[in-house]
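Enquirer: Mind looking at a prediction? Sequence and model below.
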Amino acid sequence: QSVLTQPPSASGTPGQRVTISCSASSSNIGSNTINWYQQLPGTAPKLLIYSNTQRPSGVPDRFSGSKSGTSASLAISGLQSEDEADYYCGTWDNSLNGVLFGGGTRLTVL
Amino acid sequence: QVQLVQSGAEVKKPGASVKVSCKASGYTFTSYYIHWVRQAPGQGLEWMGRINPNSGGSNYAQTFQGRVTMTRDTSIDTAYMELSRLTSDDTAMYYCARPYTTSSLHVWGQGTTVTVSS
């Protein structure tokens, strides 16, 4: 079974740059693009990054994504208090023939 | 604007079924898949499946095979997700979502809370 692994938690102080990692367990998913979602408390997820590096309209350029091999990262620069949220990576799983999500990372702004 | 509006909260007894609706507006309903994702309290996101509103074809995550049915009514631009044989483990927030690319879910409904309790 394919898995996307994220650290359960991350933290940073206002203004800092933080990164969140996402590692794919197999080639079923490692060759596919990674998407990132932000979920603020009590709200639906929001697409932050798609196709590894692309931002949908309206997403600030403080958010950026990268991917190398079977690992991807979300970087948030100029950290703000409103960035405190859960972040999920996701991808297409060829064996599942569907979307696979990572377990999520809770970002705390200290 | 592009929007997905879901039906209201549900409380069901174990063994019952629940049907959640997702009404699309602001775009051509038949041009994009509708995906369903659920989130148990305090847990992560779990993909349930998707439906092609144009053809009606669907595919489901193996976890839900045999218990979930996704349908659509193109006359009212609405997708449905029905989950049967509910247990307390099905207590969750259920979301519908429209993709941007094949795997990226861009537009999300507001979520529907389903509580399974005797």
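Expert: That came in fine, so what should we check first?
Enquirer: Flag every residue of chain A that's near chain B.
Expert: Taking CB under 8 Å from any CB of the partner chain as the test, the list of chain A residues beside chain B reads A:32-33, A:35, A:37, A:44-47, A:50-51, A:56, A:88, A:90-92, A:96-104. Bear in mind the C-beta positions are built from the backbone N, C-alpha and C, glycine included.
Enquirer: again, 10 Å this time
Expert: By the rule CB under 10 Å from any CB of the partner chain, the part of chain A lying against chain B is A:1, A:6, A:29, A:32-37, A:39, A:42-51, A:54, A:56, A:86, A:88, A:90-93, A:95-105.
Enquirer: so of those residues, which ones are in helices?
Expert: A:Ile29 (DSSP state H).
Enquirer: Show me which of the residues of chain A next to chain B are buried.
Expert: A:6, A:29, A:32-37, A:39, A:44-51, A:86, A:88, A:90-93, A:96, A:98-105 (16 or more other CB atoms under 10 Å in any protein chain shown).
Enquirer: tell me the pLDDT at A:Asn28?
Expert: As predicted, A:Asn28 sits at a pLDDT of 67.
Enquirer: Not counting its neighbours along the chain, what's nearest A:Ser26?
Expert: Excluding the flanking residues, the one nearest A:Ser26 by CB to CB, 6 or more residues apart in numbering or on different chains is A:Ser2, at 5.1 Å.
Enquirer: Tell me, how many residues neighbour that neighbour?
Expert: Using other CB atoms under 10 Å in any protein chain shown, A:Ser2 has 16 neighbouring residues.
Enquirer: Touching, it and A:Ser31? I think so.
Expert: No - checked against CB atoms under 10 Å, the pair A:Ser2 and A:Ser31 is beyond contact range at 11.5 Å.
Enquirer: Tell me the residues that contact both of those two, please.
Expert: Listed as contacting both A:Ser2 and A:Ser31 by CB atoms under 10 Å, 6 or more residues apart in numbering or on different chains are A:24, A:91, A:94.
Enquirer: that older thread, quick one: which of the buried ones among the residues of chain A next to chain B sit in strands?
Expert: Within these, residues falling in strands by DSSP state E are A:34-37, A:39, A:46-49, A:86, A:88, A:90-93, A:98-101, A:105.
Enquirer: residues contacting residue 90?
Expert: In the absence of a named chain, chain A is used. Listed by CB under 10 Å, 6+ apart, the contact set of A:Gly90 reads A:4, A:22, A:29, A:32-37, A:45, A:47, A:50, A:99-102, B:37, B:45, B:47, B:103-105.
Enquirer: if you could check chain B rather than the one you did, that'd help
Expert: Taking CB under 10 Å, 6+ apart as the contact definition, B:Asp90 lies against B:12, B:14, B:16, B:18, B:38, B:40, B:64, B:67, B:83-84, B:114-116.
Enquirer: distance of the residue of chain A positioned farthest from its centre from B:Gln62?
Expert: Residue farthest from the centre of chain A, counting by CA atoms, centre = their mean, is A:Ser95 at 21.3 Å. Separation of A:Ser95 from B:Gln62 (CB to CB, to the nearest Å): 10 Å.
Enquirer: what touches both of the two?
Expert: Shared contacts of A:Ser95 and B:Gln62, defined by CB under 10 Å, 6+ apart, are found at A:Gln1.
Enquirer: Quote the end-to-end distance of stretch A:50-60.
Expert: In stretch A:50-60, first residue to last residue: 14 Å (CA to CA, to the nearest Å).
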